[in-house]
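>>> Curious how this folds, go ahead:
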Amino acid sequence: MKSVDFDIIISTVPLEYESKPTIVTSVFVTEEDIKNITKYIGNIESTTKFNWCSLQMENNDLFDKNLILANINIDSKEELIKELGKLLVKKDLVYKGFIHSALDRESITSTAVGKGVAIPHGKQEFVKKPAIVLATLKDPIDWCGEQVDIIFMLALKFGAGSVTRNFFKGFYSMLDDEQILMDIRNKKTPQEIYYVLKGKDDLDGEYYQQKSN
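Residues are numbered from 1 along each chain as shown. Here you go, the predicted structure:
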């Protein structure tokens with residue numbers, strides 16, 4: 001099953017699945033379990049309208065112009081993961097082990113999420129400071145049977161409670177918005193892509209959400 005086919009995972013045992021929210025319940029579902037599930041469903045439904053503010057974590061803008069690679073040529077997902085990981089290491093945002101852990105994770109399960117997007121990520125224990133590297137490709141590459149040309153490499157700490165959950169609400173909503181993804185593809189420079197990620201058009205500074213009203 002592809003990760004775009006579902007919104008949350010409900011399990012009776014803890015699972016290390018970081019690209020979708022996981023709810024751990026009792027074997028015999030309790031009223032408290034039902035409340036938690038209902039809360040998550042409400043969170044998912046609330047993301048049908050994209051909210052740019054939720055992409056910001058407390059005092060930390062995860063998107064940085066210096067972590068955006070625009071319209072690059074690359075031949076394989078392995079090569080790409082290494083290049084994006086090296087950039088994170090160079091910026092002192094992760095330890096070198098992050099790259100190997102991201103490659104290992106990719107060998108177990110694909111991080112392609114549909115619509116030409118992949119979200120590779122390494123283990124949080126190798127993350128010094130949360131960050132996201134974004135790369136767009138001149139030509140799509142094969143990613144376990146899917147054609148991918150937008151890649152977000154996530155170097156995040158997943159134990160940050162509601163702050164992290166709020167970020168992912170906005171992030172997944174963005175990945176479902178084909179217009180935003182098309183805008184990212186059409187931009188030719190990191191600066192232009194950065195404006196898209198900030199929710200603004202680089203020409204007139206207007207918020208996308210305002211323009212859509």
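>>> in the longest strand along the chain, what counts as buried?
The single longest strand within the chain, with elements called by DSSP state E, is strand 131-143. Residues of strand 131-143 classed as buried by neighbour count (16 or more other CB atoms under 10 Å): 131-137, 141, 143. All C-beta spots, glycine's among them, are computed from the backbone N, C-alpha and C.
>>> mean confidence score for the helix or strand harbouring Gly170?
Assigned by DSSP states H and E, Gly170 falls within helix 162-176. Across helix 162-176, pLDDT averages out at 72.
>>> What count of nearby residues applies to Phe152?
23 (other CB atoms under 10 Å).
>>> The closest residue to it other than its chain neighbours and Ile132: what is the separation?
Nearest residue to Phe152, sequence neighbours excluded (CB to CB, 6 or more residues apart in numbering): Ile119, at 4.9 Å. Separation of Ile119 from Ile132 (CB to CB, to the nearest Å): 9 Å.
>>> joint contacts of those two?
152-154 (CB atoms under 8 Å, 6 or more residues apart in numbering).
>>> which of those lies closest to Leu175?
Phe152 (8.2 Å; CB to CB).
>>> ok, and what's touching the helix or strand harbouring that closest one?
Per DSSP H and E: Phe152 is located in strand 146-155. Residues from elsewhere that reach strand 146-155 (CB under 8 Å, 6+ apart): 18, 77, 80-81, 84-85, 88, 93-94, 98, 102, 110, 112, 114, 116-122, 126-127, 130-137, 139-142, 181, 184-185.
>>> So what angle separates the directions of that strand and strand 131-143?
With axes from the mean of the first three to the mean of the last three CA atoms, to 10 degrees as the basis, strand 146-155 and strand 131-143 are set at 160 degrees to each other.
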